[in-house]
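Enquirer: sequence and predicted structure, then a few things I'm wondering about:
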Amino acid sequence: MTKNKSKPIALLFAAMLLGIMSFAQSIHFNYTDGTNTSYNLEDVRKITFDADVMNLYLWDGSVFAWNVSTIGYYQYDESSLNVEEWLNNANAWGVVIFPNPTSTNLNVRYNLPKEDVITIALYDMQGKLVLDKNLGKLSPGEHQESLDVNNLPKSTYVCHINGRHQSFTKSIIKN
């Protein structure tokens, strides 16, 4: 009996997306053909699924795609997890998302301690990307972005602000 690996892999990447896992960690893939590869999580910009195809997008612009059935197993290396450092970096951003709840626009204010490439994304509660705003390379300092959520259905969403070395996630309500 063939086991469907897409769901456990999707759950792993959903956890990464929601900030449960931190930077400087890696994931190792071992494929059914005997090959293997590893990725540092800080290099991963986003991961999407199209049926049984997993697409891995890196910050350098590389995109890798493979059928999840070709993954024999994967292993997550959490040996470098430093929760205190991660929390200090997250707090350094000083992220404020307002108004929450909102019905039309969502404002995201944050302070970058150093230059970074920033994206802001909204996901529905099933993990589907509903809004993606690539802001590119931003200088250190305070920044504010406004997201038009007027056309989104009333629901709870996950707002994910992502940089190369740091990310921040918060639930928001569209009313």
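Expert: Perfect, I can see it now.
Enquirer: got the buried residues for stretch 97-106?
Expert: Residues of stretch 97-106 classed as buried: 97, 102, 106 (neighbour count, 16 or more other CB atoms under 10 Å). To be clear about C-beta, it is placed using only N, CA and C from the backbone, and glycine gets the same treatment.
Enquirer: make JSON lines out of those residues and add distance to residue 26, secondary structure and pLDDT.
Expert: Shown next, in JSON lines, are those (distance: CB to CB, whole Å; DSSP: H, G, I helix; E, B strand; the rest coil; pLDDT from 0 to 100):
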{"residue": "97", "distance to residue 26": "30", "secondary structure": "strand", "pLDDT": "91"}
{"residue": "102", "distance to residue 26": "37", "secondary structure": "strand", "pLDDT": "94"}
{"residue": "106", "distance to residue 26": "33", "secondary structure": "strand", "pLDDT": "95"}
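Enquirer: CSV for the residues you listed, including distance to residue 164?
Expert: Formatted as CSV, the buried residues of stretch 97-106 follow (distance: CB to CB, whole Å):
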residue, distance to residue 164
97, 21
102, 28
106, 23
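Enquirer: what about residue 71, how many residues nearby?
Expert: Neighbourhood size, residue 71 [other CB atoms under 10 Å]: 18.
Enquirer: wait, it touches residue 32, no?
Expert: Yes. Contact status for residue 71 versus residue 32: in contact at 7.3 Å, counting by CB atoms under 8 Å.
Enquirer: find the nearest non-adjacent residue to residue 138, please.
Expert: In space, and not counting its chain neighbours, residue 138 is closest to residue 118: 5.3 Å by CB to CB, 6 or more residues apart in numbering.
Enquirer: before we move on, back to that, now, which of the buried residues of stretch 97-106 sits nearest residue 140?
Expert: residue 97 (20.3 Å; CB to CB).
Enquirer: list the helices and strands the longest strand along the chain packs on?
Expert: When the chain is parsed with DSSP state E, its longest strand is strand 129-138. If you count contacts as 3 or more CB pairs under 8 Å, 6 or more residues apart in numbering; DSSP states H and E, strand 129-138 packs onto strand 116-123, strand 141-148.
Enquirer: how does it look with 6 Å?
Expert: strand 116-123 (3 or more CB pairs under 6 Å, 6 or more residues apart in numbering; DSSP states H and E).
Enquirer: end to end on stretch 143-163, go ahead and measure it.
Expert: 13 Å (CA to CA, to the nearest Å).
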